[in-house]
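Peer 1: please find the sequence and the predicted model below.
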Amino acid sequence: IRHLVLVLGDQLNHDSDVFSDFDPDTDRVWMAENDEEATHVWCHKTRLVGFFSPMRHFRDELRESGKTVLYHELTGDRRKALESSFASVLRKTLDEHDVEKLLVVSPGDYRVREQLRATSEQEGVPIEFRNDHHFYCTPEEFDDWAAGRKSMVMETFYRKMRQRHGILLDDKKEPEGGQWNFDKENRETFGKSGPPEIPPVPSFDPDSITRDVIDMVQDRFEDHPGSVEQFDLPVCRKDALKYLKDFIKNRLPKFGTFQDAMWNDETFLYHSRLSHAINLHLLSPKEVVDAAEQAYREGEAPLNCVEGFIRQVLGWREYVRGIYWNRMPHYEERNSLHCDPDQDVPPFFWDGNTDMACVADAMRLLIDTAYAHHIQRLMVLGLFAQLYGTHPLRFHHWHMAMYADAIDWVSLPNALGMSQYGDGGVMATKPYCATGKYIQRMSNHCKGCRYDPAKATGEDACPFTTLYWDFLDRHQQQFQNNSRMTLQLKNLDRKDSSEWSDIRSRAKKIRSGKLTLKQQ
Ligand code: FAD
Ligand code: SF4
């Protein structure tokens, strides 16, 4: 074999650089489902099907196009677990075949890249990493932008990307509509009446490949969290394109306006649910951004919504990837709030069994679909984990386990950095900390909850509110020179000593698990 072309589970695009010089006579594609990827974090069943089914579809498409694929398929029989670590499967292939060179697109996970390097060295087979042109910005371009900057502000990076790629600009190369940012218009709530009609997201009945994978996952990984009964993610490019078209037509026109709002039992609201397909490379970010811009140009979606959406994909997504490669491998060791390394997420982050209505709602959706939208991730589950004192790397591992779209490069900066402030201010200039009143303002969760978001003490005190004050109290010194925290810290003086004693004691009980916050 001249080139053994490795295709990882999140590299499912036919126009990838590794196929540019593919010779069907001398080259082979290699793909492997493996236990290690499924178990190094305790993966949600939907996340597993969401990787393995698209891989099998992609394998079949490659074969149809005349390529020979060596594919390692997992079976429901768990006794075969030991022989299926990623590196061991690759080593076995290299022992069985005479391979001149390994070719692979640069992986999205630092650990996997190092494993590949090590295997190549051990086996004496050279490896070539090719650029992942699935992104607008290469890690090298990001490093150039970041070099010498005191702080890496996303907004500055985003404007640069808009200019460099000519996106949402007018004839004079100025931002469309005269401003770069429509954030002020994009913080609407649903008020008392609730969301306007939300068109349902497309649903795909599992085909025979997906059904086989579901059966395998249910047998082999039966004790893993989450349910797979409602599995309806796109598993091939054809489905992903349908999904994109549907979003642009039906939900983009309200996406920006309500992007921060939440509502009981509403999983997707006006969000795109495209992250899984984009991250697996079934869709390219460029075609997603172009489709959104075209909708604006054709008068089908307002500018604030289109800009809000493009900011997420062209801005945040690219920025997060840049941070990951700029800061790895030490980024994952960051723990700027000095959290106890043993402090894990609370038990109800696995089963949703809690009487906090907002958390229970987000968890119900997460267990059923391996999805929660951004504000649930950041301002409900992420916020609770942070106030609870969860170690940031443990939060990232939990995140990797529970979300269908989680891949190391994107989960780590978002989970450890943005959400938990583990990186001490690289991703966010201050911690995202708030009381339950934020959740009350942005949703209808508190209405049906047994807790009161305004209260920090007492039986019915909202755990977010109690923990918020405790959090500020514990980190007061650390943030006293952060001007963005001044107002929040000032309010600490308003509480008297008896209230502080109640707050601290209730917070301690919550954080130690003595107060279980479980449904009665
Ligand atoms: P939409 O709300 O419709 O947004 C459109 C697209 O923008 C998304 O599909 C995604 O591709 C991109 N996007 C938006 N925000 C971000 C961001 N902060 N970082 C990267 N891309 C972004 N996203 C992941 O894809 N994988 C993760 O593992 C992940 N972990 C996260 C962890 C935490 C704690 C937080 C707060 C956010 C995380 N995000 C992650 C970012 C974001 O929440 C998800 O991309 C988004 O919720 C996915 O749903 P959607 O496709 O409906 O997104
Ligand atoms: Fe969540 Fe507190 Fe509101 Fe209950 S009262 S829904 S716990 S924010």
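Peer 2: Yep, that arrived. Ligands and ions are numbered 1, 2, ... in the order given.

Peer 1: specify the local secondary structure of the closest residue to ligand 2 within the stretch 101-250 of the chain.
Peer 2: Residue nearest to ligand 2 within the stretch 101-250 of the chain: residue 189 (14.0 Å; CB to the nearest ligand atom). C-beta: built from backbone N, CA, C; applies to glycine. When classified by DSSP: H, G, I helix; E, B strand; the rest coil, residue 189 comes out as coil.

Peer 1: residues in contact with it?
Peer 2: Contact analysis of residue 189 by CB atoms under 8 Å, 6 or more residues apart in numbering lists 258, 260-261, 441-443.

Peer 1: interface residues of the stretch 201-350 of the chain facing ligand 1?
Peer 2: 271-275, 278-279, 309, 312-313, 316-317, 320 (CB under 6 Å from any ligand atom).

Peer 1: top of the residues you listed by number of neighbours, please.
Peer 2: In terms of neighbours by other CB atoms under 10 Å, those top out with residue 309 at 30 neighbours.

Peer 1: how much space between it and residue 373?
Peer 2: Separation of residue 309 from residue 373 (CB to CB, to the nearest Å): 13 Å.

Peer 1: ditto for residue 229
Peer 2: Using CB to CB, we find residue 229 at a distance of 21 Å from residue 373.

Peer 1: ok, the particular helix or strand that has residue 70 in it: who's next to it in the sheet?
Peer 2: According to DSSP states H and E, residue 70 maps onto strand 69-72. In the sheet, strand 69-72 lines up against strand 28-32 (parallel) (DSSP bridges).

Peer 1: from the chain's centroid, how far away is the strand it pairs with?
Peer 2: Distance of strand 28-32 from its chain centroid, counting by CA atoms, centre = their mean, to the nearest Å, is 26 Å.

Peer 1: need the residues that contact that strand.
Peer 2: Applying CB under 8 Å, 6+ apart, the external contacts of strand 28-32 come out as 1, 3-9, 55, 58-59, 62, 67-72, 84, 86, 89-90, 93, 97.

Peer 1: list the buried residues for the helix or strand bottoming out on mean pLDDT in the chain?
Peer 2: Within the chain, confidence by mean pLDDT, DSSP states H and E is lowest for helix 35-39 among all helices and strands, at a mean of 83. Residues 35-38 are the ones in helix 35-39 that count as buried (16 or more other CB atoms under 10 Å).

Peer 1: stretch 36-52 too?
Peer 2: 36-38, 41-52.

Peer 1: got it, and stretch 227-241?
Peer 2: Quick answer for stretch 227-241 (16+ other CB under 10 Å): 228, 231-237, 239-241.

Peer 1: can you give me the end-to-end span of it?
Peer 2: End-to-end distance for stretch 227-241: 25 Å, by CA to CA, to the nearest Å.

Peer 1: any chance you could list what contacts that stretch?
Peer 2: 12, 14, 45-46, 49-50, 53-54, 57-58, 61, 203-207, 209-210, 214, 217-218, 242-243, 274, 276-277, 282-283, 367-369, 404.

Peer 1: likewise stretch 107-122?
Peer 2: 6, 8, 10-11, 86-87, 90-91, 94, 102, 104, 106, 126-127, 129, 132, 279, 321, 324, 328-329, 407-410.

Peer 1: any of the residues you listed buried? List them.
Peer 2: 6, 8, 10-11, 86-87, 90, 94, 102, 104, 106, 127, 129, 132, 279, 321, 324, 328, 407-410.

Peer 1: list the ones among these that fall in strands.
Peer 2: Assigned to strands by DSSP state E, the following of the buried ones among the contacts of stretch 107-122 qualify: 6, 102, 104, 127, 129.

Peer 1: tell me the bridge partners for the third one.
Peer 2: When you say that, I think you mean residue 104. Counting by DSSP bridges, residue 104 is bridged to residue 6, residue 129.

Peer 1: doesn't residue 19 make contact with it?
Peer 2: No. Residue 104 is beyond contact range of residue 19, at 11.8 Å (criterion: CB atoms under 8 Å).

Peer 1: overlap in contacts of those two?
Peer 2: residue 5.

Peer 1: doesn't residue 450 belong to a strand?
Peer 2: No. Residue 450: not assigned to a strand; according to three-state DSSP it is coil.

Peer 1: and the pLDDT for it?
Peer 2: Residue 450 is assigned a predicted lDDT (pLDDT) of 96.

Peer 1: residues near residue 509, how many?
Peer 2: So residue 509, with other CB under 10 Å, has 14 neighbours.

Peer 1: which residues touch it?
Peer 2: Going by CB under 8 Å, 6+ apart, the list of residues near residue 509 reads residue 515.

Peer 1: repeat for residue 516
Peer 2: Here residue 516 is in contact with residue 347 (CB under 8 Å, 6+ apart).

Peer 1: and it, that one's in a strand?
Peer 2: No. Going by three-state DSSP, the assignment for residue 516 is coil, not a strand.

Peer 1: distance-wise, check it relative to ligand 1.
Peer 2: As judged by CB to the nearest ligand atom, to the nearest Å, residue 516 and ligand 1 stand 24 Å apart.

Peer 1: ok, residue 193 next?
Peer 2: Distance, residue 193 to ligand 1, by CB to the nearest ligand atom: 23 Å.

Peer 1: looking at this, residue 98 is in a helix?
Peer 2: No. Using three-state DSSP, the assignment for residue 98 is coil, not a helix.

Peer 1: show the pLDDT at it.
Peer 2: Per-residue confidence for residue 98 comes out at a pLDDT of 96.

Peer 1: and for it, nearest residue in space, chain neighbours not counted?
Peer 2: residue 1 (6.7 Å; CB to CB, 6 or more residues apart in numbering).

Peer 1: how about the secondary structure of residue 424?
Peer 2: Three-state assignment for residue 424 (three-state DSSP): coil.

Peer 1: how near is the residue nearest to residue 98 to residue 93?
Peer 2: Distance from residue 1 to residue 93, by CB to CB: 9 Å.

Peer 1: please apply the same query to residue 386.
Peer 2: From residue 386 to residue 93 the distance is 43 Å (CB to CB).

Peer 1: which one of those two has more residues nearby?
Peer 2: residue 386 (24 against 19).

Peer 1: show me what contacts the more buried one?
Peer 2: Residue 386 neighbours (CB under 8 Å, 6+ apart): 337, 395, 419-421, 431-433, 471.

Peer 1: let's have those in a markdown table, adding pLDDT, secondary structure and neighbour count.
Peer 2: Output for the contacts of residue 386, formatted as a markdown table (pLDDT from 0 to 100; DSSP: H, G, I helix; E, B strand; the rest coil; neighbours: other CB atoms under 10 Å):
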| residue | pLDDT | secondary structure | neighbour count |
| --- | --- | --- | --- |
| 337 | 97 | coil | 19 |
| 395 | 98 | helix | 26 |
| 419 | 97 | helix | 27 |
| 420 | 98 | coil | 31 |
| 421 | 97 | coil | 27 |
| 431 | 95 | coil | 27 |
| 432 | 95 | coil | 16 |
| 433 | 95 | coil | 20 |
| 471 | 98 | helix | 21 |
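
Peer 1: wait, residue 381 sits on residue 372?
Peer 2: Yes. Between residue 381 and residue 372 there is a contact under CB under 8 Å: 6.7 Å.

Peer 1: list the residues that contact both of residue 1 and residue 93?
Peer 2: Common neighbours of residue 1 and residue 93 (CB under 8 Å, 6+ apart) are residue 99.
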